[in-house]
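J.: Dropping a prediction and its sequence here:
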Amino acid sequence: MHGGTEQDPRNPSREADGSAGGEAVIVRAPTEERNSGTYDIDLLPALDVLRQINAEDTTVAAAVAAVLPELARAVELGVAALERGAGIHYFGAGTSGRIAALDAAELPPTYGVPPEWVVAHHAGGAEAMARAVEGIEDDWESGRIDAAAVEPGSLVVGLAASGRTPYVGGALEAARERSAATVLISANPEAPLASGADVHVGVSTGAEVIAGSTRMKAGTAQKLLLNAFSTAVMVRIGRTYSNLMVGVDATNGKLRGRVVTILMEATGLSEADCARALTEADGDTRAALVSLLAGVDAITAARSLEKSRGRVRTALADLGLPGQEAPKE
C-alpha cells in the first residue's frame with residue numbers, strides 16, 4: 001500500500017492491527033494523497049485553476065485504458081449473468097453510488113431492456129442520492145442487507161474510489177455467499193476489498209486536484225468505466241445491430257421518427273418503406289429491421305427474434321441471410 005497501517009474495512013474507526021483509532025477515519029489510498037502539482041491552486045486566477053483541473057483530467061482516459069483487460073473480464077461476467085436469466089447489481093456510496101444509479105437508469109430507454117437487468121443500490125437509499133447521509137457508507141452490515149436479495153448467478157459490481165468502503169465490502173461478501181460473481185471498481189490498484197472480488201478493475205488515477213475530492217478524477221474514471229462496461233454488455237448480448245440502437249421501440253412520435261431513421265441507416269431503404277415496416281411490426285424496431293433485411297413478414301421476423309433471444313444478427317442468420325457471424329479470431 002501507500003505507507004502506514006492498512007485499515008480494516010469492516011470497522012473504519014480501527015486500524016487493521018487492532019489499535020484504537022477513535023472517531024477519526026484516516027483513509028490511506030492514492031486518491032487521498034496531496035497532488036504536488038496543485039499546491040498553489042488557491043492563489044491562481046480562474047482560468048489557471050481550470051487549466052490545472054483540465055490537465056489532470058486528461059490523464060484519466062489513459063488510466064482507464066490500462067485496465068481494459070480487467071474490464072473485459074467484468075463484461076463477460078455481466079453477459080453470462082444476463083444470459084442465465086439473472087441480473088447485474090451495482091453497489092456504491094456517495095459519488096460512486098450516484099454514478100452507478102445514473103448508468104443503470106439510462107439503460108432501459110437506450111437499449112429497451114427491463115429495469116431489473118441492471119439495478120443500482122446506493123448506500124442510504126433514495127434519500128442519500130440527493131443529500132449525504134452521515135456514516136451509512138461505513139456500515140458493512142448495511143451492504144450485506146442490501147445485497148441479501150441478489151439472486152444466485154448474478155453479477156455484483158462494487159464501486160469504491162478508495163477500494164475500502166465498508167458498505168461495498170459488505171455487499172460483495174453477501175454476494176459471494178449467494179453464489180454471485182463479483183467485481184470491484186476502484187481508483188486504488190491495491191484496494192483492500194480487491195481480495196474479495198473475482199475481478200478488480202483498479203484504475204490508477206492518482207492524487208486529485210483537491211486532495212480527497214474523488215468526485216473529480218476518480219469519479220470521471222468510474223463514469224468512463226461504467227459507460228464502457230454497460231455499453232459493451234449491451235453490445236455483446238445483442239442489443240445493437242452494427243453501431244445502432246435497436247432496442248428503442250416507437251412508443252411516441254419523437255421515438256417513431258428516431259426509429260425510422262435507424263431503420264433507414266441500417267437498411268438503406270426509403271423512409272416510406274421503413275415507416276411501413278415499423279407499422280406492420282407494431283413499433284418493434286428489431287422486428288421491423290429483421291423484416292426489412294431478410295425480406296420476411298413482421299410475424300416471421302418476430303418469431304425468429306424470439307428464438308434468437310432478441311439478437312438481430314442471430315435471427316437474420318437463422319433466416320438464411322449470410323455474413324452475420326463475427327470473423328474468427
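T.: Great, that's in hand.

J.: Domains of the protein: list them as residue ranges, please.
T.: 60-236, 243-318 (automatic domain parsing).

J.: just so I know, which of these lies nearest Tyr39?
T.: The closest of those to Tyr39 is domain 60-236. By Cβ to Cβ, the value is 10.3 Å. Quick note: C-beta positions are derived from backbone N, CA and C, even for glycine.

J.: How far does that closest one sit from its chain's centre?
T.: 7 Å (Cα atoms, centre = their mean, to the nearest Å).

J.: got it, and stretch 232-239?
T.: The answer for stretch 232-239 is 13 Å, by Cα atoms, centre = their mean.

J.: What residues of it count as buried?
T.: Of the residues in stretch 232-239, 232-234, 236-239 count as buried by neighbour count, 16 or more other Cβ atoms under 10 Å.

J.: ok, now stretch 220-234?
T.: 220-226, 228-234.

J.: In contact with Met216, which residues?
T.: 53, 56-57, 208-210 (Cβ atoms under 8 Å, 6 or more residues apart in numbering).

J.: Closest one of those residues to Ser154?
T.: Glu208 (32.3 Å).

J.: Do a quick rundown of the strands in the stretch 201-329 of the chain.
T.: 240-241, 244-245 (DSSP state E, counting those that start in this stretch).

J.: any idea which element the closest residue to Asp139 other than its chain neighbours lies in?
T.: The shortest distance from Asp139 to any non-neighbouring residue, by Cβ to Cβ, 6 or more residues apart in numbering, is to Tyr167 (5.8 Å). Using DSSP states H and E, Tyr167 sits within helix 166-177.

J.: which helices and strands sit right next to whichever helix or strand comes after that helix?
T.: Per DSSP H and E, the first helix or strand lying C-terminal to helix 166-177 is strand 181-186. Contacts defined by 3 or more Cβ pairs under 8 Å, 6 or more residues apart in numbering; DSSP states H and E place strand 181-186 against helix 68-83, strand 155-160, helix 166-177, strand 199-202, helix 217-236.

J.: Using PDB, write out every CA atom in the fourth one.
T.: Going back to what we said before, that points to strand 199-202. Below are the C-alpha coordinates for strand 199-202, written out as PDB (Å, rounded to 0.1, in the frame of the first residue of the first chain):
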ATOM      1  CA  VAL A 199     -12.200  -9.200 -10.800                       C
ATOM      2  CA  HIS A 200     -10.600  -6.000  -9.600                       C
ATOM      3  CA  VAL A 201     -10.700  -3.000 -12.000                       C
ATOM      4  CA  GLY A 202      -8.300  -0.800 -10.100                       C
END
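
J.: Direction included, what does it pair against?
T.: As defined by DSSP bridges, the strand partners of strand 199-202 come to strand 181-186 (parallel).

J.: Take the helices and strands packed on strand 181-186 and lay them out in a markdown table including mean pLDDT.
T.: Listed next are these as a markdown table, based on pLDDT from 0 to 100:
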| stretch | mean pLDDT |
| --- | --- |
| helix 68-83 | 98 |
| strand 155-160 | 98 |
| helix 166-177 | 97 |
| strand 199-202 | 98 |
| helix 217-236 | 97 |
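
J.: could these be laid out in TSV, adding distance to Gly112?
T.: Shown next, in TSV, are these (distance: least, Cβ to Cβ, whole Å):
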stretch	distance to Gly112
helix 68-83	14
strand 155-160	20
helix 166-177	27
strand 199-202	27
helix 217-236	10
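
J.: Any idea which of these gets closest to Leu244?
T.: Closest among those, using Cβ to Cβ: helix 217-236, at 10.9 Å.

J.: Tell me which two of the buried residues of stretch 232-239 sit farthest apart.
T.: Ala232 and Gly238 (12.3 Å).

J.: circling back: just among the contacts of Met216, which is most surrounded?
T.: Glu208 (25 neighbours; other Cβ atoms under 10 Å).

J.: Which pLDDT value does the model give the residue lying closest to that one once chain neighbours are set aside?
T.: Spatial nearest neighbour of Glu208, chain neighbours left out: Met216 (5.0 Å); criterion: Cβ to Cβ, 6+ apart. Looking at Met216, its pLDDT is 95.
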